[in-house]
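Colleague: Test case, fold it:
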Amino acid sequence: NVRESNNAQSTADTAKSNIDNLSIGARNLIIRSQSTADAYYDQNGNYVTGTGAGTAAMNTYIPIEPGKQYTFSRSAGGGDFFRFNWYDSDKNYISRKAITEIPDGAAGIFTWTAPDTAYYILVSYPWDEVSKAKLERGNRATDWTPAPEDVQAGIEVVETRVTSAETKITQNKESIESVAKRTTNVENKFSGYSATEQ
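Modeller: All right, here's what the predicted structure looks like:
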């Protein structure tokens, strides 16, 4: 049947087009260790702190490609404020984009195309762990993962704690050895005595 054949071809063409236009970045561009809690970027692109708004703002510019797509995602049950500030190649503010389309606490995925003159972004995002905020290149959200820089920061914190613990263990060992030595000296001093009077 010609009609069924045409429908099948149309479906195949649509599927091919969807696959051809698929872009996946996967790497989380939000670096929590380079962010300030209780901070955000307002509607004019200004950095605001001390608000208690439950958001955090990245302190470092994220390099991007003009005209490319970027996807933000967050899990259900968390905060809902997320903002992009677009900047040109000289880091001059261009404009701002904010999420307003989803209700508080709902999961959400948004894909925005960077302006043709944008080379950097700064973001503010839900700070709480529940939100699992993620920003990635491409037009498809992937499962949440921390930024590699945050993984490294976590490793460095653990290394610092291990080093501190090792130092304390060494100090305790030296104290114990000192007490043991003093105890041995006392035992040696009194080892020759045999009677109560002595």
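Colleague: what residues does the helix or strand where Lys97 lies touch?
Modeller: Assigned by DSSP states H and E, Lys97 belongs to strand 93-98. Applying C-beta atoms under 8 Å, 6 or more residues apart in numbering, the contact partners of strand 93-98 are 41, 43-45, 81-88, 112, 115, 117-118. Glycine gets a C-beta too; all of them are placed from N, C-alpha and C.
Colleague: and which of those is nearest to Thr51?
Modeller: Phe81 (10.3 Å; C-beta to C-beta).
Colleague: Now for Ala141: which residues touch it?
Modeller: Here Ala141 is in contact with 71, 73, 109, 134 (C-beta under 8 Å, 6+ apart).
Colleague: hang on, the earlier thing: show me how far the strand holding Lys97 is from its chain's centre.
Modeller: Its chain's C-alpha centre and that of strand 93-98 lie 22 Å apart, by C-alpha atoms, centre = their mean, to the nearest Å.
Colleague: and that strand, which residues are buried?
Modeller: 94, 96-98 (16 or more other C-beta atoms under 10 Å).
Colleague: Show me what Ala57 bridges to in the sheet.
Modeller: With DSSP bridges applied, Ala57 shows beta-bridge pairing to Thr36, Ser124.
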